[in-house]
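Chemist: Generate a structure from the sequence data that follows.
(chains A and B)
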Amino acid sequence: MKIILNNREEEFEEGILSISKMLELKKFSFRMRIIKINDILIARDKYDSTFIHDGDKVQMLYLMSGG
Amino acid sequence: MTFSEIKAHLGRFRVGIAGAGGLGSNCAAALARCGVGTLVIADFDIIEENNLNRQYYFTNQVGKLKTEALKENISRINPDVAVINYQINLDNHNIVQIFSGCDVIVEAFDRAEMKQMLIETVQLEMGGIPLVAASGLAGWGRTEMIRCRKIDDTLYICGDESSEVSEELPPMAPRVGIVANMQANIVVEILMQKR
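Modeler: All right, here's what the predicted structure looks like:
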């Protein structure tokens, strides 16, 4: 499947992926982050049970301490 | 549009500011100078001397509550701004109560876990209120790495999204101020588009 991840096209062999699996495949290490799928925020405790489908727009941002 | 027309327009709106540290105090000062009508400011902390390297407070305010000192400073900048203060530790329950009715909310926390909690709460429970968050402002220099990203109509993020504060990379006035003012700039942009 193809998705748009932070405005860039990304291709995966899988036809459907949980958010957790996508993070694992992309080797995104654990950090504080926000993820939105098609403009809907997904709470961090729902990463295992929320799935990304072909054509989805996924936005991810990292939260760094400091203010 | 003249500045008086801009000020009159902005005077009709209410902006929530979650945190009155480096980001919140500087962002509030900028919004007060622009003439935003009401600022809802929430913070539990008191001013310490080491806050003065970046936060909008003065030596004679050390030991005071940040919310109270900021209200005082805003009234000295622009007495027409109404400031509603909450001396409170924000959590996913009180955020909704405190900031409901705001036209825009500014995330101005220090710790990443708090930023995440606020963004999740506002986006999941306060449907549609635009949120302007900050991430990545530690240290100095690297001005060109600081940016604003519009994620969608309800979420904006300012900062470099990579510099985390540490003992060796402390938050300092220039970069914190740049990001706080970028947040204020986005708030103004959002409000100027509102009727």
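
Chemist: quick one: the helices in chain B?
Modeler: Secondary structure of chain B (DSSP state H): helices located at B:3-10, B:22-34, B:66-77, B:94-99, B:112-125, B:173-193.

Chemist: neighbours around the closest residue to B:Thr67 other than its chain neighbours, how many?
Modeler: Spatial nearest neighbour of B:Thr67, chain neighbours left out: B:Asn85 (4.1 Å); criterion: CB to CB, 6 or more residues apart in numbering or on different chains. Heads up, the C-betas are built off the backbone N, CA and C, glycines and all. B:Asn85 has 17 neighbours, counted by other CB atoms under 10 Å in any protein chain shown.

Chemist: what does B:Ala8 give?
Modeler: Other residues near B:Ala8 come to 13 when the count uses other CB under 10 Å.

Chemist: swap in B:Asn181?
Modeler: 17.

Chemist: Where does pLDDT dip in chain A?
Modeler: Across chain A, the ranges flagged by pLDDT under 70 are A:30.

Chemist: Which positions in it make contact with chain B?
Modeler: Contacts of chain A with chain B, taken as CB under 8 Å from any CB of the partner chain, map to A:32-34, A:36, A:39, A:41, A:43-44, A:59, A:61-67.

Chemist: among the helices of chain B, which is the most enclosed?
Modeler: Across the helices of chain B, averaging neighbours per residue (mean count of other CB atoms under 10 Å in any protein chain shown) puts helix B:22-34 on top, at a mean of 26.

Chemist: Return the distance of it from the chain's centre.
Modeler: A distance of 7 Å separates the centroid of the chain from that of helix B:22-34, by CA atoms, centre = their mean, to the nearest Å.

Chemist: Contact partners for the residue nearest to B:Gly11 when sequence neighbours are not counted?
Modeler: Using CB to CB, 6+ apart and skipping residues adjacent in sequence, the residue nearest B:Gly11 is B:Gly37, 4.3 Å away. Applying CB atoms under 8 Å, 6 or more residues apart in numbering or on different chains to B:Gly37 gives the contacts B:10-14, B:81-82.

Chemist: and A:Ile52, what helix or strand is that in?
Modeler: Using DSSP states H and E, A:Ile52 sits in strand A:51-53.

Chemist: Can you tell me the strand partners of that strand and which way each runs?
Modeler: Within its sheet, strand A:51-53 is paired with strand A:16-18 (antiparallel), according to DSSP bridges.
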